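Undergrad: Mind folding the following:
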Amino acid sequence: SFFTRSLATKFHSNVHCESAELHRRYEAAPESTKTKALQTVIEMKVAGNIDDFMDQFRRTTIT
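TA: Take a look at the predicted model:
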């Protein structure tokens, strides 16, 4: 419907604007801030991988 397409277009536009704003802020940030942000992302990824590994380990040892 027109209403659904209109909402989807507005959502896509808002997401694009927010993404552009985050990119602009990141590019303007000092290197130390960028390094800390990257380290945080890496730590979150590693923590997620460890959680996934532990879940898989639990499933394989229980069955």
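
Undergrad: only C-alpha atoms for contact and neighbour calcs from this point on.
TA: Noted.

Undergrad: and the gap between Gly48 and Asp55?
TA: When distances are taken as C-alpha to C-alpha, to the nearest Å, Gly48 and Asp55 turn out to be 10 Å apart.

Undergrad: Would you tell me which helix is longest in the chain?
TA: helix 31-62 (DSSP state H).

Undergrad: Pull the number of nearby residues for Lys34.
TA: A count of nearby residues for Lys34, using other C-alpha atoms under 10 Å, gives 14.

Undergrad: So for it, what's the pLDDT?
TA: On the pLDDT scale, Lys34 is placed at 77.

Undergrad: next one: Phe2
TA: According to the prediction, Phe2 has pLDDT 68.

Undergrad: residues touching the residue nearest the centre of the chain, list them.
TA: The central residue of the chain, meaning the one whose C-alpha is nearest the mean C-alpha position (C-alpha atoms, centre = their mean), is Val41 at 8.5 Å. Going by C-alpha atoms under 8 Å, 6 or more residues apart in numbering, Val41 touches no other residue.

Undergrad: what helices or strands is the lowest-mean-pLDDT helix or strand in the chain leaning on?
TA: Within the chain, judged by mean pLDDT, DSSP states H and E, the helix or strand with the poorest mean is helix 2-28; its value is a mean of 74. With contacts defined as 3 or more C-alpha pairs under 8 Å, 6 or more residues apart in numbering; DSSP states H and E, helix 2-28 has no packing partner among the helices and strands.
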